[in-house]
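**Student:** please work out how this folds:
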Amino acid sequence: MTVVARREWPVLASLAGYRANWLVPDAVAGLTLAAVAIPEQMATARLGGFPPQFGFFAFIAGTLGFCLFGSNRFVSVGADSTITPIFAGALALLATTATPQYFTLAAALALMVGAIVTLAGALRMGWIANLLSLPVTIGFLAGIGVHIIASQLPGALGLATGAGGVAHRLAAVWAAAAAFNPYALAIAVAVLALTAGAHRLSARLPGALAAMVFATFVVAIWRLDTHGLAILGKVAGGFPMPTVPAMGLGALLKLAPLAFLIALVVMVQTAATARAFPSDPEAPARLNRDYIGVGIGNLIASFVGALPVNASPPRTAIAGEAGARSQLTGLFSVGVVALVVAVGTGLLTKIPQAALSGVLLFIALRIIRIGQMAAVAKASSVEFMLIVVTAAAIIFLPIEIGVAVGIGLSLMHGMWSSARPRRFTMQRLPGSTVWWPQDGAVVGETLAGVAVLGFQAPLSFLNAYQFRDQFSDALNAPGAPLRLVVLEAAGVIDIDFTAAQVFKDLIGLCRDAGATLAIARLEAVEAQRALTAFGLRDLIGADHIFASVADAISALAPRATVVGA
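**Tutor:** A predicted model of the protein is given here:
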């Protein structure tokens, strides 16, 4: 029977196979998502130095782009508190915050990020998502969380918003703390507590929206804005005309490093979100298609003059928990947000800025993952130090440099892990033909004059010389001379040119020591191809390559006796 692959829809892939009985759950989930997104997008826009309506434009653009071109049924895209502090700090060095030039730079950045992420998806570069290890990601988020807290403390205390790095902001808050506004502090704490309490009860509860409505009601009734409490004031309504950001080549070149950095963070977070909330738990995430969806969302955001957008794990989780079945959930939420932009901005004027600070403080506390830090610290001190160093780099260095340091640490850790795999000795389980690594848990047996050695990593220039040295140590170990060395190669998935040359040295070392070298369980197709291409198969001999360790010993050392028997 011939199997014909199902052709994926060019657009609206998340609606493939849509069922009529999904419409009501999608509508309910869309209303829930909108209730969460409205205060969150306003707060995130404020975090980046934008008017609140910019957050709405970003949410509409990101959601439409992903709905049209993404594949995941649940992912929510919009303004994001992870990337906003990164690019806001960098853009503030090029233009004064909240000025037309600043907004133009942000739109140009969204255009560049969108182009990079879309191209990455088109070129099937989903592997980029693996560049950040989980410990580095935890440290990265912790550092971002501290940045958000430092930036929002002035608003929560009713103080003037400061500038500069975390230390400078905190010092300014400390110096001016005596002049705090008690009404602002009370509202920020109340919003934070109500939002956290509602989330603890159920992620579906629109705690942030309810808290902001309550805070706005309190401000209006007691006229707290006449007591020095800052409010949003007039919020512009209506939609912007689509346009391409007018930027010269020089300005675009200045933005290029930042655009690549933001694009990488967007791709990593999009992949993590899509994998955490898969459309089909039994099928791999289609990351390349999802990259295109988020990339197009950024392009649309640029054309409407908004800020860069990203996939949001919290909003995606809320959509899923609220019963979403497809990206129609996002379209329903877009309809609600668009209605607010069109006719409801007058309702936003009395929202206290301290309430937005309370929402952002809740977001910051959520992304500082203390539980995961404790788990990593318990399991691996080295990886815990990755968390600490990454967080410190984000906090104390310019934030975009801190992010680059985190990415570099992740890559270095991956290279270090690949470069330092350990050779291990294997033993035979009594009464069987199974050879197993010596781990102390199982008492096995070894054979006189025979060493079975394993190496669980690709053989490459990163570890080739360590591989040779470790096997040389085994050959020269005290005791009876070895007559047979079997490389158990199930973990060797590839061999590069450098490793092949070193492997030839190892063959010579074995011959000089009077030992025969055999390979068992070299299962990876790429490693088998390399063995032939680099001439190793001929040097070792095809009759010295076996499907199992037991076969190798049976053929080359049939009379070997158990040590101590």
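
**Student:** do you know how far the closest residue to residue 188 other than its chain neighbours is from residue 395?
**Tutor:** With Cβ to Cβ, 6 or more residues apart in numbering as the criterion, residue 188 has its nearest non-adjacent residue at 3.6 Å, and that residue is residue 156. All C-beta spots, glycine's among them, are computed from the backbone N, C-alpha and C. Separation of residue 156 from residue 395 (Cβ to Cβ, to the nearest Å) stands at 19 Å.

**Student:** the more surrounded of those two?
**Tutor:** More neighbours surround residue 156 than the other of residue 156 and residue 395, with 27 against 20 (other Cβ atoms under 10 Å).

**Student:** so what does the helix or strand where the more buried one lies touch, helix or strand wise?
**Tutor:** Following DSSP states H and E, one finds residue 156 within helix 134-157. For helix 134-157, the packing partners by 3 or more Cβ pairs under 8 Å, 6 or more residues apart in numbering; DSSP states H and E come out as helix 23-47, helix 84-91, helix 166-176, helix 182-201, helix 353-367, helix 370-379, helix 381-396, helix 399-419.

**Student:** could you check the angle helix 134-157 makes with the shortest one?
**Tutor:** Think helix 84-91. 80 degrees (axes from the mean of the first three to the mean of the last three Cα atoms, to 10 degrees).

**Student:** contacts for helix 84-91 next, please.
**Tutor:** Residues from elsewhere that reach helix 84-91 (Cβ atoms under 8 Å, 6 or more residues apart in numbering): 44, 47-49, 97, 102, 105-106, 109, 144, 147-148, 151, 258, 261-262, 265, 307-308, 398-400, 403.

**Student:** now the residues you listed: which count as buried?
**Tutor:** Listed as buried from the contacts of helix 84-91 are 44, 47-49, 102, 105-106, 109, 144, 147-148, 151, 258, 261-262, 265, 307-308, 399-400, 403; burial here means 16 or more other Cβ atoms under 10 Å.

**Student:** who's residue 488 bridged to?
**Tutor:** For residue 488, the beta-bridge partners under DSSP bridges are residue 454, residue 520.

**Student:** can you pull the contacts of it?
**Tutor:** So residue 488 contacts 426, 435, 452-455, 520-521, 549 (Cβ under 8 Å, 6+ apart).

**Student:** so the protein: which segments form each domain?
**Tutor:** 20-416, 424-556 (automatic domain parsing).

**Student:** name the SS class of residue 17, please.
**Tutor:** Recorded secondary structure, residue 17: coil (DSSP: H, G, I helix; E, B strand; the rest coil).

**Student:** actually, residue 229.
**Tutor:** Going by three-state DSSP: residue 229 is coil.

**Student:** in terms of secondary structure, what does the one helix or strand residue 452 maps to contact?
**Tutor:** Per DSSP H and E, residue 452 falls inside strand 450-454. In this structure, strand 450-454 packs against strand 424-428, helix 464-475, strand 484-488, with contacts taken as 3+ Cβ pairs under 8 Å, 6+ apart.

**Student:** tell me which helix or strand of this protein sits lowest on mean pLDDT?
**Tutor:** For the chain, the helix or strand with the lowest mean confidence is helix 399-419, at a mean of 81 (criterion: mean pLDDT, DSSP states H and E).

**Student:** and the angle for it with helix 464-475?
**Tutor:** Using the same axes, to 10 degrees: helix 399-419 against helix 464-475 is 30 degrees.

**Student:** so which residues make contact with helix 399-419?
**Tutor:** 85-87, 89-90, 131-133, 135-136, 139-140, 143-144, 147, 257-258, 261, 264-265, 383, 386, 389-390, 393-397, 457-458, 460, 462-463, 466.

**Student:** send me it as CSV with only the CA atoms.
**Tutor:** Output of helix 399-419 as CSV, limited to C-alpha atoms (Å, rounded to 0.1, in the frame of the first residue of the first chain):
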residue,chain,number,x,y,z
ILE,A,399,21.4,43.8,29.4
GLU,A,400,22.1,43.1,25.7
ILE,A,401,25.7,42.2,26.6
GLY,A,402,24.5,40.1,29.4
VAL,A,403,22.3,38.1,27.1
ALA,A,404,25.2,37.6,24.7
VAL,A,405,27.3,36.4,27.6
GLY,A,406,24.6,33.9,28.5
ILE,A,407,24.4,32.6,25.0
GLY,A,408,28.2,32.3,25.0
LEU,A,409,28.2,30.4,28.3
SER,A,410,25.6,28.0,26.9
LEU,A,411,27.7,27.2,23.9
MET,A,412,30.9,26.9,25.9
HIS,A,413,29.1,24.5,28.3
GLY,A,414,27.9,22.4,25.4
MET,A,415,31.4,22.3,23.9
TRP,A,416,33.0,21.5,27.3
SER,A,417,30.5,18.7,27.8
SER,A,418,31.3,17.3,24.4
ALA,A,419,35.0,17.7,24.9
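
**Student:** which SSE is immediately downstream of the helix ranked longest in the chain?
**Tutor:** Looking across the chain with DSSP state H, the single longest helix is helix 249-276. For helix 249-276, the succeeding helix or strand toward the C-terminus, using DSSP H and E, is helix 287-303.

**Student:** tell me the helices and strands packed up against that next one.
**Tutor:** Short answer (3+ Cβ pairs under 8 Å, 6+ apart): helix 287-303 packs on helix 52-69, strand 76-78, helix 100-122, helix 249-276, strand 310-312.

**Student:** one more time with 6 Å
**Tutor:** Counting contacts by 3 or more Cβ pairs under 6 Å, 6 or more residues apart in numbering; DSSP states H and E, helix 287-303 packs against helix 52-69, helix 100-122, helix 249-276.

**Student:** and the angle from the strand holding residue 452 to helix 464-475?
**Tutor:** Using the same axes, to 10 degrees: strand 450-454 against helix 464-475 is 150 degrees.

**Student:** average pLDDT across strand 450-454?
**Tutor:** What strand 450-454 shows for mean pLDDT is 90.

**Student:** next one: stretch 105-116
**Tutor:** The predicted model assigns stretch 105-116 a mean pLDDT of 97.

**Student:** wait, residue 507 touches residue 541, no?
**Tutor:** No. Contact status for residue 507 versus residue 541: not in contact, 9.9 Å apart, counting by Cβ atoms under 6 Å.

**Student:** show me the shaky parts of this protein.
**Tutor:** 1-9, 417-422, 440-442, 564-565 (pLDDT under 70).

**Student:** 50 instead?
**Tutor:** Low-confidence segments of the chain (pLDDT under 50): 1-6, 565.

**Student:** tell me how many other residues crowd residue 233.
**Tutor:** Using other Cβ under 10 Å, residue 233 has 12 other residues around it.

**Student:** quick revisit: tell me the buried residues in the least confident helix or strand of the chain?
**Tutor:** 399-400, 402-407, 409-410, 413-414.

**Student:** one more: stretch 221-233?
**Tutor:** Residues of stretch 221-233 classed as buried: 224-225, 229-232 (neighbour count, 16+ other Cβ under 10 Å).

**Student:** ok, back up a step: ok, residues contacting the helix holding residue 156?
**Tutor:** 82, 85, 161-162, 166, 169-170, 173, 180, 185, 188, 353-354, 357, 360-361, 364, 367-369, 372, 376, 383, 386-387, 390-391, 394-395, 406, 409-410 (Cβ atoms under 6 Å, 6 or more residues apart in numbering).

**Student:** next, the contact list for the nearest residue to residue 270 once chain neighbours are set aside, please.
**Tutor:** Nearest non-adjacent residue to residue 270, counting by Cβ to Cβ, 6+ apart: residue 311, 4.2 Å away. By Cβ under 6 Å, 6+ apart, the contact set of residue 311 is 75, 77, 269-270, 273, 294.

**Student:** tell me the spacing between residue 21 and residue 335.
**Tutor:** 20 Å.

**Student:** more neighbours: which of those two?
**Tutor:** Neighbour count, other Cβ under 10 Å: between residue 21 and residue 335, residue 335 has more, with 14 against 8.

**Student:** distance check, the closest residue in space to that one that isn't next to it in sequence against residue 76.
**Tutor:** Spatial nearest neighbour of residue 335, excluding adjacent residues (Cβ to Cβ, 6+ apart): residue 30 at 7.5 Å. Going from residue 30 to residue 76 by Cβ to Cβ gives 10 Å.
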